[in-house]
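S.K.: Show me the folded form of this:
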Amino acid sequence: MNTKIFIVDDHYMIIEGIRSLLQFQKGIEWMGHAMNASSCMAFLKQHEPDVILMDISLPDKNGIDLCKEVKTKYPETHIIGLSSFNQHSFIQKMLDNGASGYVLKNATLEELLNAIEKVVHGKIFLSPEAELTLEKNENPIIPVITRREKEVLLLIANGMTNNDIALKLFISTTTVETHRKNLLTKFEVKNTASLIRMATQLQLI
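M.R.: Numbers count the residues shown, from 1 in each chain. Purely as a prediction, here's the structure:
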């Protein structure tokens, strides 16, 4: 029986690259792709992939939260985190939220096929670099933020007010305030000054 593969990534070149690698492999059935979390959830209402290759950074929701949502609703689906981030907090949070693997985007075809085979058989697979990162556990805990939150963070760091940010990003001031509160929560700080200081220390701005 073929292993049905689905990918969630907002970069078309990544999707096409992985599709070209996998679609003609024996035992692999390519089911398609989604470029954001909402499209992924809509797809899963109609289809049942065996393995989802899931990007960490998505435009509407980070892959870590999406992983938890998918595993809650579709526990039989295996998820492999797919990322260019080799940071302890990202890897650990994906595993904590139910992922069966974590593969870096510089992985070889052999590594990707090995990851798929292992997770389908109920095992955990980590890229060698990711495994080394977990063993070292030296990286600081870096909050996982969405692309929009990153945009808001950068504008806050530039001294812009909620109104300024709303006008620049074509969103409401209420939405900006929500993003600001979410950032304070994720960074576990109480004010904007502390937020900027921590984001700077973590080299996010």
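S.K.: quick check: mean pLDDT across the helix or strand K71 falls within?
M.R.: Taking DSSP states H and E as the definition, K71 sits inside helix 63-73. Regarding helix 63-73, the rounded mean pLDDT is 94.
S.K.: before we move on, what about stretch 44-59?
M.R.: Over the span of stretch 44-59, the pLDDT mean works out to 94.
S.K.: Shouldn't G98 be within a helix?
M.R.: No: G98 sits outside any helix when classified using DSSP: H, G, I helix; E, B strand; the rest coil, being coil.
S.K.: Look up how far L58 lies from it.
M.R.: 17 Å (Cβ to Cβ, to the nearest Å). Heads up, the C-betas are built off the backbone N, CA and C, glycines and all.
S.K.: so which strand or helix has the closest residue to D164 other than its chain neighbours?
M.R.: The shortest distance from D164 to any non-neighbouring residue, by Cβ to Cβ, 6 or more residues apart in numbering, is to L155 (7.3 Å). Take DSSP H and E as the rule and L155 turns out to sit in helix 147-157.
S.K.: same deal with Y102?
M.R.: Short version, using DSSP H and E: Y102 is in strand 101-104.
S.K.: Now do the contacts for the most centrally placed residue in the chain.
M.R.: The residue lying closest to the centre of the chain (Cα atoms, centre = their mean) is I56, at 1.2 Å. Residues in contact with I56 (Cβ atoms under 8 Å, 6 or more residues apart in numbering) are N62, G63, I64, G81, L82, S83, F85, F90, M94, V144.
S.K.: May I have the phi/psi pair for the residue lying closest to the fifth one once chain neighbours are set aside?
M.R.: It refers to L82. Nearest non-adjacent residue to L82, counting by Cβ to Cβ, 6+ apart: L53, 4.7 Å away. Here is the backbone geometry of L53 (degrees, to the nearest 10): phi -90, psi 110.
S.K.: residues near L53, how many?
M.R.: When neighbours are counted by other Cβ atoms under 10 Å, L53 registers 24.
S.K.: Break down the protein into its helices, ranges please.
M.R.: When secondary structure is read from DSSP state H, the chain shows helices at 12-22, 37-44, 63-73, 88-96, 109-120, 128-136, 147-157, 162-169, 173-187, 192-201.
S.K.: Okay, now the unreliable bits of the protein?
M.R.: Scanning the chain for pLDDT under 70 picks out 137-141.
S.K.: how does it divide up, domain by domain?
M.R.: 3-136, 147-201 (automatic domain parsing).
S.K.: now the end-to-end length of the longest one.
M.R.: Which is domain 3-136. 33 Å (Cα to Cα, to the nearest Å).
S.K.: just stretch 29-46 next, same as before
M.R.: Start-to-end, stretch 29-46 (Cα to Cα) is 16 Å.
S.K.: Sweet, I'm off.
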